[in-house]
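Participant: here is a sequence with its predicted model. Questions after.
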Amino acid sequence: MTAASTKKAANADSAAKRSDFPIIVIGTSAGGQSALGALVAQLPADFPAAILVVHHMAATGSNDAMLRVLADKGNLPCKQAVQHGVIKSGCIYLAQPDHHLMISEAKTLVTKGARENRARPAIDPLFRSAAIEFGNRVIGVVLTGYLDDGTSGMEVIRRCGGICVVQDPADAAYPDMPQNVLNHVKVDHCVPLAEMGSLLTRLALHDRGASIRVPDDVAVEAKIAQRVLSDLESVEFLGTQVPFNCPGCGGVLWQMKIGNHLRFRCHTGHAYTAATLLAEQTAKMEETLWVALRMFEENKNLLVRMGADGTASPSYVERVEQSNIHIRRIKAMLHSNMASTDPLP
């Protein structure tokens, strides 16, 4: 047997090993701990698929509480994903805090790549990488949460032949994430949480047929997320440069031209849906307003100190009043901004 044929046979064996059981990828945010606990409680001990989970959390958070909940309520072993961990059927793997969870060569990949949709871990990188690795053997699930992380990843799963499942928004504690998927992706199943365990068990046993070629844009985005690519040529392939700055690094953004879900990327790897970009811009605006408020108040206080001896010129008094006018305006803007800002995912 030649070296080329040996390599081909090895690749075929590897592909067979990657596809002999389904991969279920789950994304959730606000309300996710309760939802995941209710879901795993429905799964049998002989569940015939591996489950990988991204739950939005603070960078300084911990998976300890989640692991305890899933262990107490469910019948499946649950662990925190590690770099190059072997994925086994019947096991649940949780993304680490402040790290993306992806799949590469049928193993878990844990990275500190650029945030996507303001989050790390983010849902889209996991869904995208799973679709590339396992194609039509992937079942994507989006549960309760704010904003729309997971929508783009779910569309990739659909394009690669996988199955798309969302929690019924009417049943979700926070309906934004499942509703946004429904708004932009042709999903296969939309069910309340109480019916999802039996549905996933049936789907895991379902024969999905022939595989589908991975689209070029999906492959490029997956490489960017894995930090393999970080250059202008990659993002220019994906979209068109627009006059917006990336809130994450200050670089320029490219608008994606794939599908009907408006998205943006910078060449260093940050990615945003339109909703998350708007939310991040709003947060940056608020931060800038607080800095401006501090500077005007410091300026006013200095002017007051300089005129404390009672000999201040009329111009000092006028400048203090001007500072007070600006302070009142900024406070009004902050009050309005905070009243209308979307919550973080």
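Facilitator: Sure thing, it's come through.

Participant: just give me the residue closest to the centre of this structure.
Facilitator: Ala122 (2.7 Å; Cα atoms, centre = their mean).

Participant: excluding its backbone neighbours, what's nearest that one?
Facilitator: In this structure, Ala122 finds its nearest non-sequential neighbour in Glu116, 3.9 Å apart by Cβ to Cβ, 6 or more residues apart in numbering. Heads up, the C-betas are built off the backbone N, CA and C, glycines and all.

Participant: correct me, but the one you found touches Ala225?
Facilitator: Yes: in this structure, Glu116 is within contact of Ala225 by Cβ atoms under 8 Å, at 7.2 Å.

Participant: these two: who's more crowded?
Facilitator: Comparing Glu116 with Ala225 by other Cβ atoms under 10 Å, the one with more neighbours is Glu116, at 29 against 24.

Participant: who's in contact with that one?
Facilitator: His100, Ala122, Asp124, Pro125, Asp149, Ala225, Gly269, His270, Ala271, Tyr272 (Cβ atoms under 8 Å, 6 or more residues apart in numbering).

Participant: for the first one, phi and psi?
Facilitator: The one in question is His100. Dihedral angles of His100 (phi, psi; degrees, to the nearest 10) stand at phi -70, psi 150.

Participant: my guess is it contacts Asp124, does it?
Facilitator: No: using Cβ under 8 Å, His100 makes no contact with Asp124, being 9.4 Å away.

Participant: now the helices for the protein?
Facilitator: 3-18, 32-40, 64-73, 123-134, 151-159, 176-184, 193-204, 216-225, 232-238, 274-306, 314-340 (DSSP state H).

Participant: other SSEs contacting the last one?
Facilitator: Identification of packing neighbours for helix 314-340 by 3 or more Cβ pairs under 8 Å, 6 or more residues apart in numbering; DSSP states H and E yields helix 274-306.

Participant: and if you look at the fourth one?
Facilitator: Helices and strands touching helix 123-134, as assessed by 3+ Cβ pairs under 8 Å, 6+ apart, comprise strand 23-28, strand 50-55, strand 100-104, strand 138-142, helix 151-159, helix 216-225.

Participant: picking that back up, now the contacts of Glu116 in JSON lines, with pLDDT and distance to Ile23?
Facilitator: Compiled in JSON lines, those are given as follows (pLDDT from 0 to 100; distance: Cβ to Cβ, whole Å):
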{"residue": "His100", "pLDDT": "96", "distance to Ile23": "16"}
{"residue": "Ala122", "pLDDT": "97", "distance to Ile23": "18"}
{"residue": "Asp124", "pLDDT": "97", "distance to Ile23": "16"}
{"residue": "Pro125", "pLDDT": "96", "distance to Ile23": "14"}
{"residue": "Asp149", "pLDDT": "96", "distance to Ile23": "19"}
{"residue": "Ala225", "pLDDT": "85", "distance to Ile23": "17"}
{"residue": "Gly269", "pLDDT": "89", "distance to Ile23": "24"}
{"residue": "His270", "pLDDT": "92", "distance to Ile23": "26"}
{"residue": "Ala271", "pLDDT": "94", "distance to Ile23": "22"}
{"residue": "Tyr272", "pLDDT": "94", "distance to Ile23": "26"}
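
Participant: brilliant, that's me finished.
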